[in-house]
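> have a look; sequence and predicted model below, questions after that.
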Amino acid sequence: MTNNLSTGNVSVTVLEALELDRVVGGANLDWNGVKAKAQPYCPNTVAKYSKVDPSKVDRPMAEQMGQACLAEMGPGKAFFARGQIEDGINQMFPKK
């Protein structure tokens, strides 16, 4: 899913939490779908993590992937995506 956000004359499409809400240690994870949706925003991040075993994804790894993607997006797009990424990670990997 995506959201379209407008800022003046600039329209930015952000990936809803980069679909990290579906990262659950492999259960019900559409890893190919996650990669396909993130590809336009973070192609280098997707390439870096493309061989990761979804069953091995945990909170630290999800945070690492999210931060890498935000850095790759650049500050403009990352400004809009950061909250959604963090929310998605927190939903799937609650802080103790």
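Arrived safely, thanks for sending.

> what's the single longest helix in this protein?
For the chain, the longest helix by residue count, based on DSSP state H, is helix 75-92.

> low-confidence regions, the protein specifically.
Applying pLDDT under 70 to the chain picks out residues 1-31, 34.

> can you map out the strands along the chain?
Here the chain has its strands, by DSSP state E, at 2-7, 10-15.

> ok, now which ones touch the closest residue to F93 other than its chain neighbours?
Among residues not flanking F93 along the chain, R59 sits closest, at 3.5 Å (Cβ to Cβ, 6 or more residues apart in numbering). The C-beta positions use only the backbone N, C-alpha and C, and glycine is treated the same way. With contact taken as Cβ atoms under 8 Å, 6 or more residues apart in numbering, R59 is in contact with 89, 92-93.

> which strands and helices sit next to the longest helix of the chain?
strand 10-15, helix 59-73 (3 or more Cβ pairs under 8 Å, 6 or more residues apart in numbering; DSSP states H and E).

> what angle do it and helix 59-73 make?
160 degrees (axes from the mean of the first three to the mean of the last three Cα atoms, to 10 degrees).

> show me which residues of helix 75-92 are buried.
Using 16 or more other Cβ atoms under 10 Å as the test for burial, helix 75-92 gives 77-78, 81-82, 84-85, 88-89, 92.
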